[in-house]
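[1] need a 3D model of the sequence below.
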Amino acid sequence: MSGTLFKREWLVGDLHPHVFAYYFKQWADYTMTFHTHDAIEIMYVISGSCGIEIEATSAAAACEMTLKKGEFIILDANVPHRLIVDERGPCRMLNVEFDFRERHAAFPSMRQLALEDEFVAELITEPSSYLLLRDPSEVYQVLKSLVLELDSRGKSINLKAELLFAQLILAIARLHGESGAQGINTVELYVKQAIEYMHHNYDRDIQVKDIAAAVSLHPGYLHRIFRAHYGKTLTGYLTELRMEKAKMLLRETDVAIADICDYVGVGSRQYFHAMFKKYTNQTPIAYRNAVDTQILDSRGLTFE
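    Numbers count the residues shown, from 1 in each chain. This is a model prediction of the structure:
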């Protein structure tokens, strides 16, 4: 075993990805025997939870961990491990196995990616044979796109698959860097995931319980750590986000004022108007008119 996340020889020269296998699988009441792969393996939990046990070797101690929805583990080649699905299951997973080989490709090699991005450089020199990370959703979306592309092209790496693979490595590297290079969920990571969820879903009628469910935390606990870390409540942050989006729509688009409440996830027009006035000291109509006046003044088109 290399003692690092990637084999050292894979980082010498300009090597490019080769995918051995990829599959979705629903597991229930199942325990694997310890086994190894000649390739790096990503095991991503789509739903449910499971146990992953790492067997002790001369290079690493034994350990067992639980993977929950939205979490994934990267295992270096030849790491003895097994999957355990017990009362924590059933568990649905996406697995991808790959290594790197010499070949002509438009895809930047791992060495080139590491030279261009400090997070990739840190990832490939991670002094551990496995890494557990929690994904806000970006890694899963790229993994799904990569698998679909490989399916459509008979598992052959093409230009689109190469770009998706580069995006996958970059996304994992950023997660690794943001989690303190330990692969452990931190308060900062939970807060970041909550913020990302709000930015992706502010147009829907979401509540604190929905945000908490998206990051797999109790609503009360998420509320406390968010307020302590960010200095405001989840609801307060969401309201500010929605009002800033409303200002942008009023300023930059021709969306009817009556419809903007739907664009920012506020179902009631009256409530939206009250929120907007409280936030800006102007009604939506007054705000748009003021913006239009400023534009005319800047162009010298104001008429006496």
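
[2] tell me the spacing between residue 48 and residue 96.
    Separation of residue 48 from residue 96 (CB to CB, to the nearest Å) stands at 19 Å. No exception for glycine: its C-beta is placed from N, CA and C like everyone else's.

[3] what does residue 195 give?
    Computed as CB to CB, the residue 195 to residue 96 distance reads 28 Å.

[4] helices of the chain, start to end?
    110-116, 118-124, 138-152, 159-178, 187-201, 208-214, 219-230, 234-252, 257-263, 269-280, 284-298 (DSSP state H).

[5] for these, which has the smallest mean pLDDT value?
    Among the helices of the chain, helix 284-298 carries the lowest mean pLDDT, at a mean of 79.

[6] for that helix, C-alpha coordinates in CSV please.
    Extracted as CSV, the C-alpha positions of helix 284-298 are listed here (Å, rounded to 0.1, in the frame of the first residue of the first chain):
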residue,chain,number,x,y,z
PRO,A,284,-40.9,47.1,-4.9
ILE,A,285,-42.5,49.7,-7.2
ALA,A,286,-40.6,52.6,-5.7
TYR,A,287,-37.3,50.6,-5.8
ARG,A,288,-37.7,49.8,-9.5
ASN,A,289,-38.8,53.4,-10.3
ALA,A,290,-35.7,54.7,-8.5
VAL,A,291,-33.4,52.4,-10.5
ASP,A,292,-35.0,53.5,-13.7
THR,A,293,-34.6,57.1,-12.8
GLN,A,294,-30.9,56.6,-12.0
ILE,A,295,-30.4,54.9,-15.4
LEU,A,296,-32.0,57.8,-17.2
ASP,A,297,-29.9,60.3,-15.2
SER,A,298,-26.7,58.5,-16.0
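
[7] report the inter-axis angle for it versus helix 234-252.
    Per axes from the mean of the first three to the mean of the last three CA atoms, to 10 degrees, the angle that helix 284-298 makes with helix 234-252 is 40 degrees.

[8] return the set of buried residues in helix 284-298.
    The neighbour-count check on helix 284-298 (16 or more other CB atoms under 10 Å) flags 284, 287-288 as buried.

[9] likewise for stretch 15-32?
    Buried residues in stretch 15-32, defined by neighbour count with 16+ other CB under 10 Å: 15-17, 19, 22, 27.

[10] how about CSV for these, with pLDDT and distance to residue 272 added?
    Conversion of those to CSV gives the following (pLDDT from 0 to 100; distance: CB to CB, whole Å):
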residue, pLDDT, distance to residue 272
15, 79, 54
16, 78, 51
17, 79, 48
19, 83, 48
22, 87, 45
27, 89, 46
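
[11] ok, so of those residues, who is nearest residue 147?
    Nearest to residue 147 among the buried residues of stretch 15-32: residue 22, at 5.1 Å, using CB to CB.

[12] skipping its backbone neighbours, what lies nearest that closest one in space?
    Setting aside the residues directly before and after it, residue 22 is nearest to residue 96 in space (CB to CB, 6 or more residues apart in numbering), at 4.5 Å.

[13] distance check, that neighbour against residue 208.
    34 Å.

[14] tell me what residue 30 is bridged to.
    residue 85 (DSSP bridges).

[15] quick one: residue 263 and residue 242 touch, right?
    No. Residue 263 lies out of contact with residue 242 (CB atoms under 8 Å); the separation is 9.2 Å.

[16] higher neighbour count, the two?
    residue 242 (23 against 17; other CB atoms under 10 Å).

[17] quick check: the more buried one touching residue 262?
    No. Between residue 242 and residue 262 there is no contact under CB under 8 Å: 11.4 Å.

[18] on that earlier part again, mind putting the buried residues of helix 284-298 in TSV, distance to residue 63 included?
    Below are the buried residues of helix 284-298 laid out as TSV (distance: CB to CB, whole Å):
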residue	distance to residue 63
284	55
287	56
288	58
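
[19] quick one: which of those residues is nearest residue 127?
    If you rank the buried residues of helix 284-298 by distance to residue 127 using CB to CB, residue 287 comes first, at 53.7 Å.

[20] what sits against that closest one?
    247, 250-251, 276, 280 (CB atoms under 8 Å, 6 or more residues apart in numbering).

[21] repeat that with 10 Å
    Residue 287 makes contacts with 246-247, 250-251, 257, 276-277, 280-281, as judged by CB atoms under 10 Å, 6 or more residues apart in numbering.

[22] need the helices of the chain in JSON lines with distance to residue 6, can you?
    Shown next, in JSON lines, are these (distance: least, CB to CB, whole Å):
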{"stretch": "helix 110-116", "distance to residue 6": "7"}
{"stretch": "helix 118-124", "distance to residue 6": "5"}
{"stretch": "helix 138-152", "distance to residue 6": "17"}
{"stretch": "helix 159-178", "distance to residue 6": "10"}
{"stretch": "helix 187-201", "distance to residue 6": "23"}
{"stretch": "helix 208-214", "distance to residue 6": "31"}
{"stretch": "helix 219-230", "distance to residue 6": "33"}
{"stretch": "helix 234-252", "distance to residue 6": "38"}
{"stretch": "helix 257-263", "distance to residue 6": "44"}
{"stretch": "helix 269-280", "distance to residue 6": "49"}
{"stretch": "helix 284-298", "distance to residue 6": "52"}
